[in-house]
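Engineer: Sequence isn't available, so here's the structure alone:
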């Protein structure tokens, strides 16, 4: 496959190339939508799934404003990170590495180290579910290890397009189920209370409530790591200079390429920014809808029954949302 057409070097040593064009017709734009859906799937499968329902099960709809605020600012953070990748063909970590090694520590090592811990808990939760399915038989540690190994193999041998299709299907199904649950079981007063708590923020009244509210900042919208992932997904999808940018430096990092300042390059750049906003906008709206739906389900289904997702039984408590909708098969 033909690589990017590189023209010259700037005085700072940056390569200048011809930005690939993107058609503005609806069919082309729809085909390019994808990274935002994958990001939304990552968000739905982490903080939105567990912490948000836990929060509303404990505090009702008090912190709805915080969730909306976090998703709102996450759009702009992801957009700026995405702009870098689209206009250089380099994932954001490549740019951070060039700026400062200290920043690499803060933006890569610490978030990834934290993700190792959190993803381990997801494996344990999945293992708990499997153990329940098999009637309590089998070692929890063994099942969690098998799940981790299988996930690692899928990621190692998998392709982005396969991941995108899987996430699109999973996200669509999850959105439909949780949206129906929220609509069916939320009492009429719940929507009014949700709206009031969004437009009239309320602060926590004790240290534990502060901790529970602030924990949302690290997980809603897939957290810091989700933003880094989004940059890589844009490159894999072929956004801007990410398309056919196969050149590496001596450290194996993608070489950054920047567009020229001609009117034609500016036009193409604006076209890619339009595509980026469309993709990220769809992912953000989807995340917000699912997020608030989970929030309402925790308030309407779990809180009245005194159920709070926590410990090894977190997935079984979460499953009560689906049980309420479709009966025992939902569990």
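Structural biologist: That came through, no problem. Keep in mind that this is a model prediction, so the values were computed, not measured.
Engineer: What mean pLDDT does stretch 211-228 get?
Structural biologist: If you average the pLDDT over stretch 211-228, you get 82.
Engineer: what's the answer for stretch 25-34, then?
Structural biologist: 83.
Engineer: Show me the contact partners of that stretch.
Structural biologist: 22, 23, 164, 168, 233, 237, 239, 275, 278, 279, 282 (C-beta atoms under 8 Å, 6 or more residues apart in numbering). C-beta here means a position set from N, CA and C on the backbone, and glycine is covered the same way.
Engineer: Let's see that with 7 Å instead.
Structural biologist: Residues from elsewhere that reach stretch 25-34, judged by C-beta atoms under 7 Å, 6 or more residues apart in numbering: 22, 164, 237, 275, 278, 279, 282.
Engineer: so can I have a markdown table of the residues you listed showing neighbour count and secondary structure?
Structural biologist: Putting those into a markdown table (neighbours: other C-beta atoms under 10 Å; DSSP: H, G, I helix; E, B strand; the rest coil) gives the following:
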| residue | neighbour count | secondary structure |
| --- | --- | --- |
| 22 | 18 | coil |
| 164 | 19 | helix |
| 237 | 22 | helix |
| 275 | 23 | helix |
| 278 | 15 | helix |
| 279 | 26 | helix |
| 282 | 15 | helix |
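Engineer: Pull the most distant pair out of these.
Structural biologist: 22 and 164 (17.8 Å; C-beta to C-beta).
Engineer: Could you report the neighbour count for residue 192?
Structural biologist: Neighbour count of residue 192, defined by other C-beta atoms under 10 Å: 11.
Engineer: Next, find the distance separating it from residue 283.
Structural biologist: Residue 192 sits 28 Å away from residue 283 when distances are taken as C-beta to C-beta, to the nearest Å.
Engineer: what about the stretch 1-150 of the chain, any weak spots by pLDDT?
Structural biologist: 1-14, 45-49, 114-115, 118, 121-122, 125, 129, 135-136 (pLDDT under 70).
Engineer: Helices of that one, start to end?
Structural biologist: With helices called from DSSP state H, counting those that start in this stretch, the stretch 1-150 of the chain shows them at 26-32, 35-44, 47-59, 64-88, 92-99, 101-104, 110-133, 140-157.
Engineer: could you redo those as CSV and give each row mean neighbour count and distance to residue 207?
Structural biologist: CSV is the format used below for the helices of the stretch 1-150 of the chain (neighbours: other C-beta atoms under 10 Å; distance: least, C-beta to C-beta, whole Å):
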stretch, mean neighbour count, distance to residue 207
helix 26-32, 12, 46
helix 35-44, 27, 27
helix 47-59, 24, 14
helix 64-88, 20, 16
helix 92-99, 18, 34
helix 101-104, 12, 31
helix 110-133, 16, 22
helix 140-157, 13, 32
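Engineer: With distance to residue 213 as extra columns, can I get those in JSON lines?
Structural biologist: Output for the helices of the stretch 1-150 of the chain, formatted as JSON lines (distance: least, C-beta to C-beta, whole Å):
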{"stretch": "helix 26-32", "distance to residue 213": "37"}
{"stretch": "helix 35-44", "distance to residue 213": "18"}
{"stretch": "helix 47-59", "distance to residue 213": "7"}
{"stretch": "helix 64-88", "distance to residue 213": "6"}
{"stretch": "helix 92-99", "distance to residue 213": "28"}
{"stretch": "helix 101-104", "distance to residue 213": "28"}
{"stretch": "helix 110-133", "distance to residue 213": "18"}
{"stretch": "helix 140-157", "distance to residue 213": "29"}
